[in-house]
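Asker: Sequence first, then the predicted structure:
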Amino acid sequence: MGIQSLIEQTPAWLSGEGEYPELVISSRARLARNLRAFHFPSQLDEDERQRVLEIVRDRIRMIPLFQDATFVAVRDLSELDRQFLIERHLMTRDLLKYADTAGLIYTEDETISVLINEEDHLRIQVMASGLALREVFQRVLDIDRKLGLLWPYAFHPEFGYLTSCPTNTGLGLRLSILAHLPGIVLTKHVDPLLKTLVKRRVGIRGLYGEGSDFYGNIFQIYTQETLGVTEEELLERFQATVDEILESERKARKILTGKLKDVLMDRIERARATLEHARLISFDETAQLVSFLRLAVGLGYYLDLKIRTLNELLLFSQPAHIQKLFGQDLDPRERDQKRASYIRAKLQAEAHES
Amino acid sequence: MLCEKCGLKEATVKLVEVIDGRRKVLRLCEICAEEVALAIPQPLVTEGEPTETEAIFTPGEEEGGVQPQTKRIIRELVCPSCGLSYETFLKTMRFGCADCYKAFRENLEVLFKDLHGTATYRGQRYRRNRKAYRLLKEKAKLESQLEVFIAQEQFEKAAEIRDRIQEILKELGWESNP
């Protein structure tokens, strides 16, 4: 599946299936791994990084799961395609650091991607729609066992898997969810949430990683422990924390649908009207408004709207996606216009269907 | 030729081992040669006496320095393998290679306790299964042969190869879970 055809599909991890997709957009498990025979990418010269890239590219095909996966060399990607793949969560901005020798392998449904020569030689990620932590956890560890046959990993009996950043040393495993928490935001409960998470060694940040804003009330919530816990303990603890966060969100939503219902309904209806009629709209505003629609669907209003459609609105409204959709480079003003027309068409099509 | 142990890097060291009077020649890369020569099954030394490299890079009496306290952070360490200094590591918070963990060993307990509240790894043990890798290589070879036989319409031979591939998958325990 080449990059051109990706624009025509919705990644499986945004299908709106799985548990609580109105609360948890997607679940993800990510491993950091290094080949024993090479220094970490930052201490390699370009030739050696290229060698790592080739070894991984060639050997990974021996694993049936990756036989038909797509390999992309970052240096062959245009600016727009790089941005597009970052928006799609198939690669990270950090993969551009050694762009000339970095690579990316992804499966057709986009649930698995392997980054080569990012901060570590390998970053392996598995994603799934909705709350599906055990599923992504098991899949990523299964892939890890198989990839671990292909080359010796850097591993130490006392410290575990050796990684470039000491925050990953040990399990090298990070579990995370993309959570939609408008109730907690609207009832001003974000600060207590942050405090609880710090105590649990759980991190939180915006949709696009470190330092990014909380677009559309969407939070990336992720584990930070890699030493002192087993894989299974990490999963169980994180699952428990996530359950608690979701319970707080449900409580907040009860408050919103109680005394504040008029205010809430007004915001929801205005959001829908704006999305259905706007002629110019930014991504930021889109994310905010789609959040109200997602909340409405979660509360059982708007039965004509599917979570999948809302996921698509969010994904395809991003700057590089809009430009890929319309097949051209657009300035910000043109993007706002095309975005508005994409959203109108999408919501009209949905209304016709139901 | 490539290193006979990891198969990833150029073999630059010839190692002759004599076991029960039988001579065995191994061609290895530097990293693997060091591992084999020191007869350390894992890349890093865990406890006990400092190795020669560690001793070199630990500031000692000859420089007029004081013997380091166990819990003190020692900034003068340099990784002999990739050249990264602990000073630079503290700025970037990135290790340069697996051997940095050995070179900076004395500081790591404090560092990991700061970062993680503990310095103990409790996850699964990793050991590369070389037999499984050989099976995978054989499978890859068979698959390219299979294509040729199919192209030549030699279906009997193709069927034999397919059976062998199935056997390999069974041996790997992957038959139902590709």
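Answerer: Received it, and whenever you're ready, just let me know what you need. Residues are numbered from 1 along each chain as shown, chains lettered A, B, ... in the order given.

Asker: C-alpha from now on. contacts and neighbour counts both.
Answerer: Fine.

Asker: Pull up the residues of chain B that are close to chain A.
Answerer: Residues of chain B found near chain A (C-alpha under 8 Å from any C-alpha of the partner chain) are B:6, B:8-9, B:31-32, B:42-44, B:46, B:82, B:93-98, B:101, B:112, B:115-116, B:118-126, B:128-130, B:132-133, B:136-137, B:139-140, B:178.

Asker: pull the longest helix from chain A.
Answerer: helix A:231-257 (DSSP state H).

Asker: what about the helix or strand following that helix, distance to the chain center?
Answerer: Using DSSP states H and E, the helix or strand that follows helix A:231-257 in sequence is helix A:261-277. In terms of C-alpha atoms, centre = their mean, to the nearest Å, the centre of helix A:261-277 is found 27 Å from the chain centre.

Asker: coming back round to it: got the buried residues for the longest helix of chain A?
Answerer: A:231, A:234-235, A:238-239, A:241-242, A:245-246, A:248-250, A:252-253, A:256 (16 or more other C-alpha atoms under 10 Å in any protein chain shown).

Asker: What is the neighbour count of residue A:319?
Answerer: 22 (other C-alpha atoms under 10 Å in any protein chain shown).

Asker: Likewise for residue B:144?
Answerer: 10.

Asker: And it, how far from chain A?
Answerer: 12 Å (C-alpha to the nearest C-alpha, to the nearest Å).

Asker: That residue: which element?
Answerer: Residue-wise, residue B:144 maps onto helix B:130-151 under DSSP H and E.

Asker: And the helix or strand that that helix is followed by, what does it pack against?
Answerer: Proceeding N to C from helix B:130-151, the next assigned helix or strand is helix B:155-172, under DSSP H and E. Secondary-structure packing of helix B:155-172 (3 or more C-alpha pairs under 8 Å, 6 or more residues apart in numbering or on different chains; DSSP states H and E): helix B:130-151.

Asker: Could you list the buried residues of the helix it packs on?
Answerer: In helix B:130-151, counting by 16+ other C-alpha under 10 Å, buried: B:130, B:132-133, B:135-136, B:139-140, B:142-143, B:146, B:149.

Asker: of all the residues you listed, which comes closest to chain A?
Answerer: residue B:133 (5.4 Å; C-alpha to the nearest C-alpha).

Asker: Find the nearest non-adjacent residue to the closest one, please.
Answerer: Leaving aside its chain neighbours, residue B:133 sits nearest to residue A:149 (5.4 Å; criterion: C-alpha to C-alpha, 6 or more residues apart in numbering or on different chains).

Asker: From residue B:166, how far out is that neighbour?
Answerer: Residue A:149 is 19 Å from residue B:166, where distance means C-alpha to C-alpha, to the nearest Å.

Asker: Where does pLDDT dip in the chain?
Answerer: No chain was given, so I picked chain A. A:208-213, A:354 (pLDDT under 70).

Asker: The chain in question should be chain B.
Answerer: Using pLDDT under 70, chain B drops low at B:17-21, B:35-73, B:175-178.

Asker: Just the helices from chain B, written as ranges.
Answerer: B:30-37, B:52-57, B:86-92, B:100-103, B:105-116, B:130-151, B:155-172.

Asker: Distance to residue A:105 added to those helices, as JSON lines?
Answerer: Below are the helices of chain B laid out as JSON lines (distance: least, C-alpha to C-alpha, whole Å):
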{"stretch": "helix B:30-37", "distance to residue A:105": "28"}
{"stretch": "helix B:52-57", "distance to residue A:105": "38"}
{"stretch": "helix B:86-92", "distance to residue A:105": "28"}
{"stretch": "helix B:100-103", "distance to residue A:105": "29"}
{"stretch": "helix B:105-116", "distance to residue A:105": "31"}
{"stretch": "helix B:130-151", "distance to residue A:105": "19"}
{"stretch": "helix B:155-172", "distance to residue A:105": "23"}
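
Asker: looking at those helices, which is buried most?
Answerer: The highest mean neighbour count among those, using mean count of other C-alpha atoms under 10 Å in any protein chain shown, belongs to helix B:100-103: a mean of 24.

Asker: Tell me the helices and strands packed up against that helix.
Answerer: So helix B:100-103, by 3+ C-alpha pairs under 8 Å, 6+ apart, packs with helix B:52-57.

Asker: Tell me where the stretch 101-250 of chain A has strands.
Answerer: A:103-106, A:112-116, A:122-129, A:155-156, A:160-161, A:173-180, A:202-205, A:218-223 (DSSP state E, counting those that start in this stretch).

Asker: Tell me which of those strands sits nearest to chain B.
Answerer: strand A:160-161 (5.6 Å).

Asker: Not counting that closest one itself, show me its contacts.
Answerer: A:33-34, A:153-155, A:169-172, B:121-123, B:125 (C-alpha atoms under 8 Å, 6 or more residues apart in numbering or on different chains).

Asker: Those: which two are farthest apart?
Answerer: A:34 and B:122 (18.8 Å; C-alpha to C-alpha).

Asker: Neighbour count for those two, which is higher?
Answerer: Taking other C-alpha under 10 Å, residue A:34 and residue B:122 do not tie; residue A:34 has more neighbours (29 against 19).

Asker: so residue B:95 touches residue A:168, yeah?
Answerer: No. Applying C-alpha atoms under 8 Å, one finds residue B:95 not in contact with residue A:168, separated by 11.0 Å.

Asker: the more surrounded of those two?
Answerer: Neighbours per residue, other C-alpha under 10 Å: of residue B:95 and residue A:168, the larger number sits with residue B:95, 27 against 22.

Asker: Quick check: the gap between the more buried one and residue A:184.
Answerer: 38 Å.

Asker: and residue A:61, how many residues sit next to it?
Answerer: Residue A:61 has 14 nearby residues by other C-alpha under 10 Å.

Asker: ok, now how distant is the residue in chain B sticking out farthest from the centre from chain A?
Answerer: Of all residues in chain B, residue B:153 has its C-alpha farthest from the mean position, at 43.7 Å, by C-alpha atoms, centre = their mean. The spacing between residue B:153 and chain A, counted by C-alpha to the nearest C-alpha, is 23 Å.

Asker: Next one: that residue from residue B:146, what distance?
Answerer: Counting by C-alpha to C-alpha - residue B:153 and residue B:146 are separated by 10 Å.

Asker: So which residues on the stretch 101-250 of chain A come close to chain B?
Answerer: Those residues of the stretch 101-250 of chain A that sit near chain B, judged by C-alpha under 8 Å from any C-alpha, are A:148-160, A:162-167, A:170-171, A:225-231.

Asker: which ones among these are found in helices?
Answerer: Counting by DSSP H, those contribute A:148-150, A:231 to helices.

Asker: Quick check: the farthest pair among the buried residues of helix A:231-257?
Answerer: Of all pairs in the buried residues of helix A:231-257, the most separated under C-alpha to C-alpha is A:231 and A:256 at 37.5 Å.
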